[in-house]
Each structure stands twice: as structure tokens, then as C-alpha cells.
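**Student:** Predicted model, plus sequence, below.
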Amino acid sequence: MLGMYIDIDMGHLSALISQMDLQTDVAALNDNTYPLGIGPSLMDENMKNAAVKLLKALCLEKETRILAPELVRKIYYRALCGTQAPMLYSPAKGSNAFSRVARVITNLEGNYSEKYDVQQMADSVIMSVSTFHKAFKEITADSPLQYLKKIRLARAQDLIIQKNTKAYLAADAVGYERPSQFSREFKRHFGQNPAEVMRDIRSA
């Protein structure tokens, strides 16, 4: 499966919401409603065309610099016109639980090798542990620590496959203290242990 992701620039998103006169829809969003942070959605022709144009532009440095920003804006627009719009309303609203969980997720993805506990995560966005845990699971479909584990395992897999990193070094790089635990969780998640992945790479 191939995919791409686009970071949300809140300034650009907020400006577009204003231009589209969607402020009332954003304001009407219930603070206790936690739309999934990621989920399936049918890709209509307009969104497909916008995504393909962006991918083509990213193949050339000049087009990336000149055309990509406007093409990303078009993808924001298409998303706001579709069924996933509430996902973009939530962070735009700014103070609700969705935006707070989003801040924690951004921190986890950028600093996944550090030590975390749920209390620490909840404190960082001024939420009780129970409220934070409930909101996080409703948005991501994982508990905070399960989500962190998936990030670490995915990054470790990238190191092993793309950089030929030894398993124990990959484990240390993503925050595992015990290589044996890393190997068990890696196999549980990917269906192969790190040694089997390395063997497949060498024989490919």
C-alpha cells in the first residue's frame, strides 16, 4: 500500500475556513465530540485530481517550490468539502480535546524515543488522565501507550529495512531498553522478528 500525508498548517486552514464561510460549522462542533483522527473516506474525482497533481509537482524541485503550496491548499479545500471535514473543524476550533490530543500526537511522533507515561501526557495538555485517555482512544482507536508503541516499531522497521540497522541498535534508537522485548513486540506487530526481516532483505 502506498500513501502520503500532509501536515496541517493551521494558519492556512483557518484562512480557508473563513473564506468558505464555515466558521458557524466549526463553532457548532461539540467539545465532547471526538472524531477519529484517521479513517477511511471515498476519494472522489476532484480529490484524486488534486492529489495526483501534487504528487507530480513533488517530482521536480522548482514545481515543488512554486506549485506545491497552492496544490496543498486545494487538497485542504477538497477535504473541507467532503465527509472528513469535521476532522479539520476540530483542530481549527483550537481549545477542544481533539486539538489537545493532536498536540500530544505531534510530540510523540517527533520525540518517540523518550520515556512517557499517560499522566505526563495528560498533564502536558491540562487534562485529567481519564478524560485524556478516553479522548485519545476515541480519536486514534489506540490507547496512548499503544499508539506510541506503533510509532516506535514503525520507525525501527524503517531503520532496519532502509538503513540496514542492526536490530539492537534500532531498538535503542526508538526508545526500547530491552532488545528482547523489542523483538517480541516487533514480531507480534509485523508477523516477523527483526532477524527474519533482515534475512528477507539479504535474499531479495
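**Tutor:** Sure thing, it's come through.

**Student:** and the strand or helix carrying R155, what does it pack onto?
**Tutor:** Per DSSP states H and E, R155 falls inside helix 144-163. Judged by 3 or more Cβ pairs under 8 Å, 6 or more residues apart in numbering; DSSP states H and E, helix 144-163 is in contact with helix 97-110, helix 118-124, helix 129-140, helix 167-173, helix 179-190, helix 194-203. All C-beta spots, glycine's among them, are computed from the backbone N, C-alpha and C.

**Student:** ok, and what's touching that helix?
**Tutor:** Contact partners of helix 144-163, identified using Cβ atoms under 8 Å, 6 or more residues apart in numbering, comprise 104-105, 108-109, 112-113, 116, 118, 121, 132-133, 136, 140, 142, 165, 167, 169-171, 173-176, 182, 185-186, 189-190, 194, 197-198, 201.

**Student:** how near is the residue lying closest to L108 once chain neighbours are set aside to I105?
**Tutor:** Closest residue to L108 apart from its sequence neighbours, by Cβ to Cβ, 6 or more residues apart in numbering: L148 at 5.4 Å. Counting by Cβ to Cβ, to the nearest Å, the gap from L148 to I105 is 10 Å.

**Student:** Could you check which of these two is surrounded by more residues?
**Tutor:** A direct count of neighbours by other Cβ atoms under 10 Å for L148 and I105 places L148 higher, at 22 against 19.

**Student:** hey, C-alpha coordinates of the helix holding R155 in CSV?
**Tutor:** Below are the C-alpha coordinates for helix 144-163, written out as CSV (Å, rounded to 0.1, in the frame of the first residue of the first chain):
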residue,chain,number,x,y,z
PRO,A,144,-1.7,6.5,24.2
LEU,A,145,0.9,3.8,25.0
GLN,A,146,-0.3,1.5,22.2
TYR,A,147,0.0,4.4,19.8
LEU,A,148,3.5,5.2,21.0
LYS,A,149,4.5,1.6,20.6
LYS,A,150,3.3,1.6,17.0
ILE,A,151,5.3,4.7,16.2
ARG,A,152,8.4,3.2,17.7
LEU,A,153,8.0,-0.1,15.8
ALA,A,154,7.3,1.6,12.5
ARG,A,155,10.4,3.8,12.9
ALA,A,156,12.5,0.8,13.9
GLN,A,157,11.3,-1.1,10.9
ASP,A,158,12.3,1.8,8.7
LEU,A,159,15.8,1.8,10.2
ILE,A,160,16.2,-2.0,9.7
ILE,A,161,14.9,-2.1,6.1
GLN,A,162,16.1,1.2,4.7
LYS,A,163,19.4,1.7,6.6
